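# Predicted coordinates and the sequence they were generated for:
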Amino acid sequence: MAEEQTELEERIIIKDQHTKEIDLVNRDPKHINEDVVKVDFEDVIAEPVGTYSFDGVWKTSYTTFTVSKYWCYRLLSAILGIPLAVVWGFLFALISFCHIWAVVPCIKSYLIEIQCVSRIYSLCIHTFCDPLFEALSKICSNIRVALRKEI
């Protein structure tokens, strides 16, 4: 029984990522548009104290702004949403492809090549600089500094 349960869980985990259920209520679960597109009527239009329009104008303006924003967004997303999804999907596929097939292999190749250069560089430093700095340290080792306070 436990084996069947584990096998079922593995099948669910292996299930294709493209067919997973999407959340139609919370469409921004990672909050990537938290501060960007939260624009309400009060964020755009405000009347300071002492300069109020008629109450009917204010209510109508609020309703017009809210409804037109809602329907314009829905219309634009209906017309341009799928084509832009294709464009963004292609772009991110291209970026992934370049990263997998070009960037990472170039970096790995560079690291292999630089390892040889770093060994040669290290050998040169130890051969030429170490004796020089040891000699300088022996020369400077007899230098004494004395501080006197003069009154």
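Cool, the structure landed.
# what is the mean pLDDT for the strand or helix carrying Val87?
Taking DSSP states H and E as the definition, one finds Val87 inside helix 55-98. Helix 55-98 shows a mean pLDDT of 94.
# Geometric centre of the protein: which residue is closest?
Nearest to the mean C-alpha position of the chain, counting by Cα atoms, centre = their mean, stands Ile32 at 10.3 Å.
# Ramachandran angles for that one?
In terms of degrees, to the nearest 10, the main-chain angles of Ile32 are phi -80, psi -20.
# Next one: it from Ile82, what distance?
Going from Ile32 to Ile82 by Cβ to Cβ, to the nearest Å gives 20 Å. C-betas here are computed from N, CA, C, even on glycine.
# try Val104
Taking Cβ to Cβ, one finds Val104 at 32 Å from Ile82.
# likewise His31?
Here His31 is placed at a distance of 24 Å from Ile82 (Cβ to Cβ).
# Next: Asp28.
Per Cβ to Cβ, Asp28 is found 19 Å from Ile82.
# If we ignore the residues flanking it in sequence, what's nearest Tyr62?
Leaving aside its sequence neighbours, Tyr62 sits nearest to Phe41 (Cβ to Cβ, 6 or more residues apart in numbering; 5.0 Å).
# count of neighbours near the one you found?
Counted with other Cβ atoms under 10 Å, residues neighbouring Phe41 total 15.
# For it, give me the pLDDT.
85.
# Isn't it up against Phe65?
Yes. At 4.8 Å, Phe41 counts as touching Phe65 under the criterion of Cβ atoms under 8 Å.
# Mutual contacts of the two, please.
Residues touching both Phe41 and Phe65 (Cβ atoms under 8 Å, 6 or more residues apart in numbering): none.
# Distance check, Cys98 against Asp35.
For Cys98, the distance to Asp35 - Cβ to Cβ - is 31 Å.
# again with Ala46
Ala46 is 19 Å from Asp35, by Cβ to Cβ.
# could you point out which element follows the helix holding Val87?
Going down the chain from helix 55-98, the next helix or strand is helix 104-124, by DSSP H and E.
# would you put the C-alpha positions of the following helix or strand past that next one in PDB?
Next along the chain after helix 104-124, taking DSSP H and E as the criterion, comes helix 130-140. Only the C-alpha atoms of helix 130-140 are listed here, as PDB (Å, rounded to 0.1, in the frame of the first residue of the first chain):
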ATOM      1  CA  ASP A 130      59.400  35.900  -3.400                       C
ATOM      2  CA  PRO A 131      63.300  36.200  -3.300                       C
ATOM      3  CA  LEU A 132      63.000  40.000  -4.000                       C
ATOM      4  CA  PHE A 133      60.600  40.600  -1.100                       C
ATOM      5  CA  GLU A 134      62.600  38.300   1.200                       C
ATOM      6  CA  ALA A 135      65.700  40.300   0.500                       C
ATOM      7  CA  LEU A 136      63.800  43.600   1.100                       C
ATOM      8  CA  SER A 137      62.400  42.300   4.400                       C
ATOM      9  CA  LYS A 138      65.900  41.400   5.600                       C
ATOM     10  CA  ILE A 139      67.200  44.800   4.600                       C
ATOM     11  CA  CYS A 140      64.300  46.600   6.400                       C
END
